[in-house]
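Undergrad: Sequence first, predicted coordinates after that:
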Amino acid sequence: MSRSASLFEQAQKHIPGGVNSPVRAFAGVGGTPLFIKHAEGAYITDEDDKRYVDYVGSWGPMILGHGHPQVLDAVRAQVDHGLSYGAPTALEVEMADMVCSLVPSLDMVRMVSSGTEATMSAIRLARGYTGRDSIIKFEGCYHGHSDSLLVKAGSGALTLGVPSSPGVPAAFAQHTITLPYNDIDAVAQCLAEKGNEVACIIVEPVAGNMNCIPPVPGFLEGLREQCDKHGVVLIFDEVMTGFRVALGGAQAHYGITPDLSTFGKVIGGGMPVACFGGKKEVMSHIAPLGPVYQAGTLSGNPLAMAAGLATLKLISRPGFHEGITDYASRLLKGLQERADAAGIPFTTTQAGGMFGLYFTDQQHITSFADSMTSNVEQFKQFFHLMLEGGVYLAPSAFEAGFVSSALGEKELQITLDAAENAFANMTA
Ligand SMILES: Cc1ncc(COP(=O)(O)O)c(C=O)c1O
Ligand SMILES: N[C@H](C=O)CCC(=O)O
C-alpha cells in the first residue's frame, strides 16, 4: 500500500471523506488522493516521494509556483513580529492601497480570509445597499459555499452531483435566480420581469468551476448595461480570475467595470486571504461606516498580508502575465496536436494563465451544456495516465487548470510527453 493510500485510510476515521475540501477526494476521477508533503517551484512531491509537474497550484493561488523565495522571506520576516493582533496594521493599509491601485474599479476594499466570505459579504452589501432580496447567479458558476450561492453551483458540488446542496433552506434558495451562463437574452428577460426585486448579479467573468468557459463577446458588456438599466449591483467574482488573467483581473482584460468585485487565491499567495471591494458609495454601507455588518477575527492577518503583498509585487513586473499566458497557449497547442494525432476528440479553452480541457468533438465551448458534453470517463483515464507520467491536473473534469511562472521548457516537455503517451493509451 502506498503511503498516500494508507494516510487516506487513516484520514477517513476523523475527517469526513478523509479530506478538508471535497474536490480533493478524487471522487471525480476515482483512486486515492495524493497526500502532499512538499512543494517547490513547478513541482509538488507526494508522501511516496513522487514528484509531479503541478497545474493545480493549490487551486489557483500559486501563480509564482511554490515557495517563491521572496514570498517566503516576507512571511519569515513577519513571523518574528507575531502571528496575529486583531488590530489594524500598516501592512493592511499597504495591501488596500496596492489592490486599489491595481484594480481601478476599487475605491475601497475589506480583507477577509476566504473567497466564500468575500462573495457572501459582497452579496449582503448589495442587498443592504439596494434594499432588494433576490440575486442572479449563473448555472455552473461557483462562488463558495454560503447558503444563497449553493444553488446550481459548480466545482466540487457539480463533481459530486449535488449542485444544489441539501441544508440550504428553501426560503434562502428562493431568492437565488439561476440563469444560463453567456446568455444575455435570458438576463434581459429576467430583469424585464423582476428587475426591481434583484439586488445583484454575481458572475465569474471567466467561468472556472464548470471547467473553463470564457465569456462570449457581448456577455459582460450586456450585464453592465442591464444592471445600469435596472439599478442592479454588478458583482464580478474574481476569486479565480483576479490578478491571474491580467494584473487588473478579468475586468481589465475584458474592459468592463463592475460595481463590486471579490478577490481571493492569488491575492494571498498561498495564505488565507480574500477581499471584496468597489465604489466608495457602495462600500460606505459596510460597518463601521454603515449599517451592513461584516467582521472577521483573522481578517487582514499580518502573515497573510505579507505573503499577499510580496506576491502582488512580484506579479506586477512587466511581462509577467504575458509569460504565463504564452506558456498556457503553447501547452494547449501541444495537447491539441497530440490528441488530434491520436484521433481523440478533444478541445481546449484559455483565458490568460487559466485553461480548460474537454474530451468532446464540439469545437466551441460557451455554455454549461457545452461543458457537459465532455466525456468524463475519458477525462478520468487521461487524468490517471498523466499522473503516471508525472503531471498533476485538477482531479475533476469540471475544474480549470492553472499555469504558474515557475513552469518552463522542461516542464512543458514532460507534460507533452506524458500527454502523448496518455492519448495513445486511452481506451474509453
Ligand atoms: C470563483 C470563485 N469564487 C469563490 C470561491 C470560494 O473561495 P474559497 O474556496 O476561498 O472559499 C472559489 C473557490 O473556491 C471560486 O473559484
Ligand atoms: N473550484 C474550487 C475553487 O476554485 C476548488 C477548491 C476547493 O473547493 O477546494
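TA: Thanks, I have the structure now. Ligands and ions are numbered 1, 2, ... in the order given.

Undergrad: Spell out which parts of the protein neighbour ligand 2.
TA: 21, 23, 59, 142, 155-156, 209, 240, 399 (CB under 6 Å from any ligand atom). Backbone N, C-alpha and C define where each C-beta goes, glycine included.

Undergrad: If we only consider those, which is nearest to F263?
TA: Of all the residues of the chain next to ligand 2, F263 sits closest to M240, with 9.5 Å by CB to CB.

Undergrad: which residues touch that closest one?
TA: Shown in contact with M240 (CB atoms under 8 Å, 6 or more residues apart in numbering): 60, 204, 206, 208-209, 264-265, 354, 400.

Undergrad: if we can go back for a sec, just the buried residues of the residues of the chain next to ligand 2.
TA: For the residues of the chain next to ligand 2, a burial check counting by 16 or more other CB atoms under 10 Å picks out 23, 59, 142, 155-156, 209, 240, 399.

Undergrad: where's the dip in pLDDT among those?
TA: Ranked by pLDDT, these bottom out at G156, which scores 84.

Undergrad: my guess is that one meets S396, correct?
TA: Yes - here G156 reaches S396: they are 7.4 Å apart, a contact under CB atoms under 8 Å.

Undergrad: In the stretch 51-200 of the chain, which residue sits nearest ligand 2?
TA: S155 (3.6 Å; CB to the nearest ligand atom).

Undergrad: A77 - nearest residue in space that isn't next to it in sequence?
TA: Excluding its sequence neighbours, the residue lying closest to A77 (CB to CB, 6 or more residues apart in numbering) is A306, at 7.0 Å.

Undergrad: Does the one you found lie in a helix or a strand, and which?
TA: helix 302-315 (DSSP states H and E).

Undergrad: show me the contacts for A397.
TA: Applying CB under 8 Å, 6+ apart, the residues near A397 are 28, 159, 211, 359, 374, 376, 379-380.

Undergrad: farthest-separated two in the residues you listed?
TA: So, the contacts of A397 by CB to CB: farthest apart are T159 and F359, at 15.5 Å.

Undergrad: For S404, see how far away the residue nearest to A77 is.
TA: 20 Å (CB to CB, to the nearest Å).

Undergrad: Quick one: the contacts of M240 as CSV, columns for secondary structure and distance to ligand 1 too.
TA: Listed next are the contacts of M240 as CSV, based on DSSP: H, G, I helix; E, B strand; the rest coil; distance: CB to the nearest ligand atom, whole Å:
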residue, secondary structure, distance to ligand 1
G60, coil, 7
E204, coil, 5
V206, coil, 9
G208, coil, 6
N209, coil, 5
G264, coil, 5
K265, helix, 7
M354, strand, 10
A400, coil, 8
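
Undergrad: Please tell me which one of those counts the most neighbours.
TA: G208 (32 neighbours; other CB atoms under 10 Å).

Undergrad: how far away is that one from L72?
TA: 27 Å.

Undergrad: In contact with L150, which residues are there?
TA: 157, 164-165, 168.

Undergrad: which intervals of this protein have sub-threshold pLDDT?
TA: Applying pLDDT under 70 to the chain picks out residues 428.

Undergrad: So which bits of it are right by ligand 1?
TA: 114-116, 119, 142-144, 204, 208-209, 237, 239-240, 264, 274.

Undergrad: What residue, apart from its backbone neighbours, is nearest F382 spatially?
TA: A422 (5.3 Å).

Undergrad: Now do the strand or helix carrying that neighbour: distance to the chain's middle.
TA: Of the helices and strands defined by DSSP H and E, A422 is found in helix 409-425. Between the centre of helix 409-425 and the centre of its chain there are 25 Å (CA atoms, centre = their mean, to the nearest Å).

Undergrad: got the buried residues for it?
TA: 411, 414-416, 418-423.

Undergrad: Over to stretch 320-328?
TA: For stretch 320-328, a neighbour-count test (16+ other CB under 10 Å) marks 320-321, 324-325, 327-328 as buried.

Undergrad: Switch the residues you listed over to JSON lines; also include secondary structure.
TA: Shown next, in JSON lines, are the buried residues of stretch 320-328 (DSSP: H, G, I helix; E, B strand; the rest coil):
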{"residue": "F320", "secondary structure": "helix"}
{"residue": "H321", "secondary structure": "helix"}
{"residue": "I324", "secondary structure": "helix"}
{"residue": "T325", "secondary structure": "helix"}
{"residue": "Y327", "secondary structure": "helix"}
{"residue": "A328", "secondary structure": "helix"}
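
Undergrad: ok, now which ones touch the residue nearest to P104 when sequence neighbours are not counted?
TA: In this structure, P104 finds its nearest non-sequential neighbour in G248, 7.0 Å apart by CB to CB, 6+ apart. For G248, the contacting residues are 102-104, by CB under 8 Å, 6+ apart.

Undergrad: In PyMOL, select just the buried ones from those residues.
TA: Burial among the contacts of G248 is assessed by 16+ other CB under 10 Å; the matching PyMOL selection reads:
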select buried, resi 102+103
